[in-house]
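Colleague: when you get a sec, could you give me coordinates for this:
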Amino acid sequence: MMPGLNKILEGVIRFRQTVRKDLVKQFERIRDNPNPTAVFFTCMDSRMLPARVTQSQVGDMFVVRNSGNMIPHARNYGSAGYEVSVTTEPAALELAVKRGGINHVIVCGHSDCKASLILIFFYRILKILKNFLIMINRLFVKEISHFSETLLAFCVKQQDFKFSEGESSKFQAINTLYNLHKCPKAFDPESPMDHWLRRHGFASIQKLEARLADTNAPPLQFISSNPLFSFTAIIDPLNEWGVEDKLSQINTLQQLENVTSHGFLKEFLESGKVHLHAMWFDVYTGEMYMFSKKKAQFVLVDENSVDELEKEASGKENGFSQENANFSLCETTEFSGICTRKEEAILQVDVMSETEGTNKSYKITLDGKVLKTQAGKPLQIECEPLALAIAEEWSSQEEHILMGHMRLTGLAFTAQDNPLHETNESIASKVIEYLDGDTILYWTNENEKLEKYQEKAWRPLIDNANKEWGTTIKPSTNIFDSCVTDSDREIVMKWLLSHNFWALTGMQYAAESVKSVLLPFNVLNYKISAVEAIEAAALEQRVQRETWGTVEWAHNIDEEEQLSRLSAACLFVYLNSNTHIRSKTE
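Modeller: Residues are numbered from 1 along each chain as shown. Here you go, the predicted model:
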């Protein structure tokens, strides 16, 4: 008998002889009413035993396992465009939440995750190969698949000095696992594992880029701006974990963002019927950690922390419901009276002006109480039209106060509080990163219809930017080609830094919403409308629809969400950049 199977079959016999009868009785008790309360997404790693580490019983929870405990985003980007995710994990999520009525969605990562190791491997190999291609000026290779194993091994060997001490053995483990999955090159187009990790894990590896690039950087932060579940996390504040474990924690939190991208969950999250949780298991110590939004980090689950974690997870801490917590409502005592009055409508929203010397500012009042930021400070705005727009956001709230729908308010709170201690330079640096991988700069030459659409819709937008900035930005069909030169990057950076801090805050939100700098630029310069910008960003999706048809509701919800974000961001930039409209009377 093949080794391993014998052990499994013997286990079945032991099961029959010991616990089977008791388990059958449990099955009988819950047959007509299993009533699970959670769906538990975790890794397929053989060391992960969800029922054992949580001491769950029959009928307590659904369990979904895959490589890397990943839940695909509702929109996945690929070489041929993006499409609505119809993979197993979102389907299981819908079954559990919408049809099964569960209350908790848990994503659980773990230490020493092999999927994380492979992601790091891909990331480093892509960096190495990109540098190698630049070095040889792309004389004889265009695609990663053209590299032989010997050349790849040579590239890796030449870059060994870049790996930190103690990582060489891990890298060998990566190579071993890589070979087990039959990946003789950096990416195997016939490998389901490679496609799975690249498509659904690359967002996580990008979040780790700053850490890999700068070992002297402050504690790595994970920031989720999703209105359905916004939070900031400090990854490994004591720097106790290795780089692959940091990535594993980032990846676990990333899945919470991915969960909220699925339209069918929106009503459950807004109503507080479903709560999202991130957990992380250390396979070497057997300790479980749970992410605390209050403490902004993973917290050890033990006798000292469990009560506080339960209160926070259920939304009962400080009298707030989970819905309030999800939408990041103000937690200061002076403002909580307004935030928690869910059944009582706000009767009066006003804008009041204050003059100090030659400076004039504006505040918003709600039933006579000054609107305060999340830091407990009165929101103070220099632009009267912006103050009026924010007041209108609050006036439009009906039965529930939904902070996730008030994007101008959120941007103003962020700009005034500056919780991450950003500077103009740091925000501009984050925005410029979107230029290097701009949505409209990477074209396809594999789909004739899409290529024609790109030429018609994207080329004029690139030309507009080049004409205004005096740059030479050009599109490319090769991910290893650099579309933006260093001099072009400096020019765009100067343009960004010509904006004030509040405008840059909006610029960052705009770039994040469409993964582009060029699209918001064209909107701000009246070349296209926000609607046209979203259509340009979704150009590949348009081809997908024309080819394969439309999945009901999914595309429209996502595009409306994008449009709302981009419109608010561009308006925020515009109002904070134009002094001639600072007052409606001027």
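Colleague: helix or strand for the residue nearest to residue 428 when sequence neighbours are not counted, which one?
Modeller: Spatial nearest neighbour of residue 428, excluding adjacent residues (C-beta to C-beta, 6 or more residues apart in numbering): residue 496 at 4.1 Å. C-beta coordinates here come from the backbone N, C-alpha and C atoms, glycine included. Applying DSSP states H and E as the criterion places residue 496 in helix 486-497.
Colleague: ranking helices and strands of the chain by mean pLDDT, which lands last?
Modeller: Least confident helix or strand, the chain: helix 168-180 with a mean of 31, by mean pLDDT, DSSP states H and E.
Colleague: verify the contact between residue 278 and residue 252 for me.
Modeller: Yes: using C-beta atoms under 8 Å, residue 278 makes contact with residue 252 at a distance of 5.0 Å.
Colleague: the two: which is more packed in?
Modeller: Neighbour totals were compared for residue 278 and residue 252, and residue 252 leads with 30 against 24 (other C-beta atoms under 10 Å).
Colleague: was I right to think the more buried one contacts residue 70?
Modeller: No: applying C-beta under 8 Å, one finds residue 252 not in contact with residue 70, separated by 9.6 Å.
Colleague: any shared contact partners between residue 278 and residue 252?
Modeller: 107, 108, 109, 291 (C-beta atoms under 8 Å, 6 or more residues apart in numbering).
Colleague: assumed the first one was part of a helix.
Modeller: What it means is residue 107. No: membership of residue 107 in a helix is not supported by DSSP: H, G, I helix; E, B strand; the rest coil, which gives strand.
Colleague: which of the helices or strands spans residue 432?
Modeller: Going by DSSP H and E, residue 432 is in helix 424-436.
Colleague: correction: residue 289
Modeller: strand 287-292.
Colleague: which residues touch that strand?
Modeller: By C-beta under 8 Å, 6+ apart, the list of residues contacting strand 287-292 reads 53, 233, 252-253, 277-282, 297-302, 308-309, 312-313.
Colleague: show me the shaky parts of the stretch 351-500 of the chain.
Modeller: 479-481 (pLDDT under 70).
Colleague: and the strands in it?
Modeller: 359-366, 369-370 (DSSP state E, counting those that start in this stretch).
Colleague: ok, and the closest non-adjacent residue to residue 425?
Modeller: Closest to residue 425 by C-beta to C-beta, 6+ apart is residue 497, at 7.1 Å.
Colleague: how near is residue 257 to residue 233?
Modeller: 11 Å (C-beta to C-beta, to the nearest Å).
Colleague: who touches both of those two?
Modeller: Applying C-beta under 8 Å, 6+ apart, one finds that residue 257 and residue 233 are jointly contacted by residue 224.
Colleague: which of these two has more residues huddled nearby?
Modeller: Taking other C-beta under 10 Å, residue 257 and residue 233 do not tie; residue 233 has more neighbours (24 against 20).
Colleague: quick check: next helix or strand after the helix or strand where the more buried one lies?
Modeller: Using DSSP H and E, residue 233 falls within strand 231-235. As assigned by DSSP H and E, the chain's next helix or strand after strand 231-235 is helix 243-260.
Colleague: pLDDT below threshold where in the stretch 51-200 of the chain?
Modeller: 75-86, 114-200.
Colleague: correct me, but residue 236 touches residue 247?
Modeller: No: using C-beta under 8 Å, residue 236 is not in contact with residue 247; the gap is 10.5 Å.
Colleague: and the two? which has more neighbours close in?
Modeller: Using other C-beta under 10 Å as the criterion, residue 236 and residue 247 rank with residue 247 on top: 30 against 18.
Colleague: run through the neighbouring helices and strands of the helix holding residue 496.
Modeller: helix 424-436, helix 459-469 (3 or more C-beta pairs under 8 Å, 6 or more residues apart in numbering; DSSP states H and E).
Colleague: what does the last one rub up against?
Modeller: Contacts with helix 459-469, where a contact means C-beta under 8 Å, 6+ apart, come from 440-441, 471-475, 488, 491-492, 495, 518-519, 521-522, 525, 527-528, 536.
Colleague: could you do stretch 427-444 as well?
Modeller: Outside stretch 427-444, the residues touching it (C-beta under 8 Å, 6+ apart) are 79-81, 450-451, 454, 458, 461-462, 473-477, 479, 482-484, 489, 492-493, 496-497, 501, 504-505, 507-508, 511-512, 514-519, 536-537, 540.
Colleague: show me which of those residues are buried.
Modeller: 81, 450, 454, 458, 461-462, 473, 475, 482-484, 489, 492-493, 496, 504-505, 507-508, 511-512, 514, 516-519, 536-537, 540 (16 or more other C-beta atoms under 10 Å).
Colleague: of these, which belong to helices?
Modeller: Using DSSP state H, the members of the buried ones among the contacts of stretch 427-444 that fall in helices are 450, 454, 461-462, 489, 492-493, 496, 504-505, 507-508, 511-512, 514, 518-519, 536-537, 540.
Colleague: ends of stretch 546-564, how far apart?
Modeller: 25 Å (C-alpha to C-alpha, to the nearest Å).
Colleague: do stretch 233-251 as well
Modeller: End-to-end for stretch 233-251, by C-alpha to C-alpha: 12 Å.
Colleague: what do you get for stretch 231-244?
Modeller: 22 Å.
Colleague: buried residues in it?
Modeller: 231, 233, 235, 236, 241, 242, 243, 244.
Colleague: wait, residue 249 sits on residue 111?
Modeller: No: judged on C-beta under 8 Å, residue 249 makes no contact with residue 111 at a distance of 9.1 Å.
Colleague: neighbour-wise, which of those two wins?
Modeller: residue 249 (28 against 21).
Colleague: what's near enough to touch the residue nearest to residue 428?
Modeller: By C-beta under 8 Å, 6+ apart, the neighbours of residue 496 are 428, 431, 432, 504, 507.
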